[in-house]
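> Just the structure for this:
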Amino acid sequence: MTDSVYHSATPQIAKHRKDLAPAINDAFETFSHTVFADGALPEKTKQLIAVAVAHVTQCPYCIQGHTKLARRKGNSEAEIMEAIWVAAEMRAGGAYAHSTLALHAMAELAPDGSS
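Numbering: from 1, shown residues only. Below you'll find the predicted structure:
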């Protein structure tokens, strides 16, 4: 199966998005550049964080783009993969931690299953 649910990001799509809401698009681009600029954290580290977050949000465009940027900023393949494993643990850890809600809900039920 070669078809994808996700269409290719093209310069034409970017232009159309900008044409539909130019001020908002420009503000987003400024925000993005500002976020990824060197600061308390260097851009290299920020791109590694972005790779991990992209895997948690499961955005294929972000995964591809930030993985390439992370490599260009000097992160090794091993560093990137380790960041992805951190993301996987955090995603799984969220389910583990939230099981507390289910355990409390079950505890509120009477032994016969009624509330």
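
> how about low-confidence regions in this protein?
Applying pLDDT under 70 to the chain flags residues 1-2, 113-115.

> Domains in it, by residue range?
As assigned by automatic domain parsing, the chain contains the domains 10-39, 42-110.

> Which residue is the nearest non-sequential neighbour of the residue nearest the centre of the chain?
Closest residue to the average C-alpha location of the chain: Ala54 at 2.2 Å, with C-alpha atoms, centre = their mean. Excluding the flanking residues, the one nearest Ala54 by C-beta to C-beta, 6 or more residues apart in numbering is Cys62, at 3.6 Å. C-betas here are computed from N, CA, C, even on glycine.

> Now do the SS call for Val5.
coil (DSSP: H, G, I helix; E, B strand; the rest coil).

> ok, longest helix in this protein?
What stands out as the longest helix in the chain, according to DSSP state H, is helix 77-108.

> Who are the packing partners of it?
Using 3 or more C-beta pairs under 8 Å, 6 or more residues apart in numbering; DSSP states H and E, the elements in contact with helix 77-108 are helix 43-57, helix 60-72.

> With Leu103 as the reference, measure out to the residue nearest to the centre of the chain.
31 Å (C-beta to C-beta, to the nearest Å).

> got it, and Ile24?
Distance of Ile24 to Leu103, given as C-beta to C-beta: 43 Å.
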